[in-house]
Structure formats: C-alpha cells, structure tokens
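Visitor: after the sequence you'll find the predicted model.
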Amino acid sequence: MADSARVAAIELGGTKCIAAIARGRDILSRERWPTRPPAETLPTILDWIAEAAAGEPLAAIGIGGFGPLVVDPADSNYGKIGSTPKPHWSGFDLRGAVAARFAVPIGFDTDVAGAALAEGRWGAARGCGTHVYVTIGTGVGAGIVVDGKPLHGASHPEVGHIRVRRDPADTFAGACPFHGDCLEGLVSGPAIAKRAGKPAEQLAPDDPLWDRVADEIAELVMTIMLTVPPQRIVIGGGVGSNERLLPRIRSTATARLAGYGPGSDAAAIERLIVSPGLGDDAGPLGAVALALAAAE
C-alpha cells in the first residue's frame, strides 16, 4: 500500500532545497529554492506543499535535512538541527516546523540517510542488506543502512569529519570551521575551491588536485569497508559524481588494502564502489523514501 501512497518530500540541502509530491516512487511535481535562513525557507516550502497537495490527503511527509540533526525520538531536542556553520540554522526545530503545519506522519532523518534508503529501495544498492550512500558536495556525509534501516546510535554517522592520511607534501590547512583538515575540509566543493583558488567545476579534468581528492576519498572508503562492512558503497553529490574520481578511488582503495580481507581485490571493489542508480534524484527520492517508511 505504501508504494502507492501520496506523500510530500522535503530535501533540505546546504545550498538548495527541493520539495516534491510523489505517489510511491513516482514524483508528480517538484520545486526548488536556494537555502536561505529558516524564517524565509520553511514557510515558502510548506506553502508550496499545501498548494501542490490540495485535493487529496497526504499519507506522510518525509524530511531529509543537512546535518547534524537530532534523530533520536527520545531526545528532548528531537527534530532539531545541531551546531552547523550554516547561519541561522543551528538549533532550528526543523521537524517541529513541519509538524505544526501538517498533521500527518513525518519521516525525519539526514538527507544522506534518505538517499541511502532510496538507493536500497530503487537504485544501485537494491538487494543489499547493508549499504552506504556517500555524498560529496557542499559537505561530506554518509547514510549507512543496516537491515533496511538507517544506522543511528547516540547520533547519526558523521563520516565527513574523520581525518584521513594525506600526501605529506600537501600543506593545505583545510576548510572545515570545526576541524580544519578533516575529510570535509579537504574534498567538499568549498574546500576544493579554497585549495584551487577557483570553483571545483572550473578545474580542468586532468588537474592533479583531482587525484589528491580521489586518494583522500579512498581513505574514507577503506574506513567504511573495514568497519561497517557494506555490500555496496554508492558515491554521489556534486563533487562525488565527477567521473574522473571513481576509477582513481577504486584503484587507490585496492592498492592500500593490499589484499587484506575478502572483497579487497580489484574486481570486487569495482562492484562495491558505484555511482548512484537514481542519479540526481537520489536526494528528493530519499525524502520520498523517508515519507513512505513513515506511512508504513
């Protein structure tokens, strides 16, 4: 029944927001806005949903938001955004703002957890009980799905802020306001722009910085492989979708694993590390997947 439910979806990203109305996985309508302070952003989104959904009740709403989020329902701050460098968003009650407007079940998680659910339900991770979706764009994050549910504990995964081995010749201090040269401070879009002195999309395909970025992402991939370990790692996002990166990430991970453990050979890693099956729709369909899970 949930696969035919009519739901609304909100993908709240660091630079853009997308809202959609869907029936099952089929997106019927959508709209996009730049991410501004919450007092400007949320009313616009919720007004659009109310108008677009008029005439037929919604079964649920899914919210996939940039982190950090408080995702433990037992926490008194459940539904709020944690400490973030994005102005005006720290402490904002994202789930509460939606619940105050719409009296329907609400699925609430990080945007990457939603995208991971969507890739497992419809995309490149179908049939995998344990899989990971990594997004590399304005920030770096990962959704880890185990037995069909996003992995949560005291919080949600924050793999973008781990530190990785770097080229000893690289003296870049990093761009993360919290940790400097954590992974997000090295390979996110803003970090690449700071390293290169120009936006990532203006870098030549053969710029050597891409190799350095790929090697640093490979360090993350190795960490995930050795700790989770997943049956599939899907890498997306504005930076992650750069076609130059994936082959280098695979080859670097293979070389550095040095044959340790099952699934560490080149053929297995090529099957393990893949591009999103849902393309640019992984984000909005992630929020749809959260809505369908709430409806279920």
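Guide: In hand now; what should we look at?
Visitor: now the strands: where do they sit in the chain?
Guide: Secondary structure of the chain (DSSP state E): strands at 6-12, 16-23, 26-34, 60-65, 106-110, 130-136, 140-146, 149-150, 232-236, 273-274.
Visitor: could you dump the ones you listed to JSON lines with mean neighbour count, mean pLDDT and distance to L183?
Guide: (Each C-beta comes from the backbone N, C-alpha and C, glycine too.) Output for these, formatted as JSON lines (neighbours: other CB atoms under 10 Å; pLDDT from 0 to 100; distance: least, CB to CB, whole Å):
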{"stretch": "strand 6-12", "mean neighbour count": "26", "mean pLDDT": "97", "distance to L183": "22"}
{"stretch": "strand 16-23", "mean neighbour count": "21", "mean pLDDT": "96", "distance to L183": "22"}
{"stretch": "strand 26-34", "mean neighbour count": "13", "mean pLDDT": "96", "distance to L183": "25"}
{"stretch": "strand 60-65", "mean neighbour count": "28", "mean pLDDT": "97", "distance to L183": "20"}
{"stretch": "strand 106-110", "mean neighbour count": "26", "mean pLDDT": "97", "distance to L183": "16"}
{"stretch": "strand 130-136", "mean neighbour count": "28", "mean pLDDT": "97", "distance to L183": "9"}
{"stretch": "strand 140-146", "mean neighbour count": "25", "mean pLDDT": "96", "distance to L183": "5"}
{"stretch": "strand 149-150", "mean neighbour count": "16", "mean pLDDT": "94", "distance to L183": "20"}
{"stretch": "strand 232-236", "mean neighbour count": "26", "mean pLDDT": "97", "distance to L183": "13"}
{"stretch": "strand 273-274", "mean neighbour count": "22", "mean pLDDT": "97", "distance to L183": "16"}
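Visitor: mind listing the helices for this protein?
Guide: For the chain, applying DSSP state H gives helices covering 38-52, 94-99, 111-122, 183-187, 189-196, 208-227, 245-257, 266-272, 282-295.
Visitor: so for I162, which of those sits nearest?
Guide: Closest approach to I162 among the helices of the chain (CB to CB): helix 183-187, 5.8 Å.
Visitor: what packs against that closest one?
Guide: Using 3 or more CB pairs under 8 Å, 6 or more residues apart in numbering; DSSP states H and E, the elements in contact with helix 183-187 are strand 140-146, helix 189-196, helix 208-227.
Visitor: how about those, which one is nearest A52?
Guide: Closest approach to A52 among those is made by strand 140-146 (26.3 Å; CB to CB).
Visitor: next, the angle from the closest one to helix 189-196.
Guide: Relative orientation of strand 140-146 and helix 189-196, computed by axes from the mean of the first three to the mean of the last three CA atoms, to 10 degrees: 140 degrees.
Visitor: please state the offset of strand 140-146 from the chain centre?
Guide: Remark: strand 140-146 is offset 7 Å from the chain centroid, using CA atoms, centre = their mean, to the nearest Å.
Visitor: name the strands paired with that strand and say parallel or antiparallel.
Guide: The strands beside strand 140-146 in its sheet (DSSP bridges) come out as strand 130-136 (antiparallel), strand 149-150 (antiparallel).
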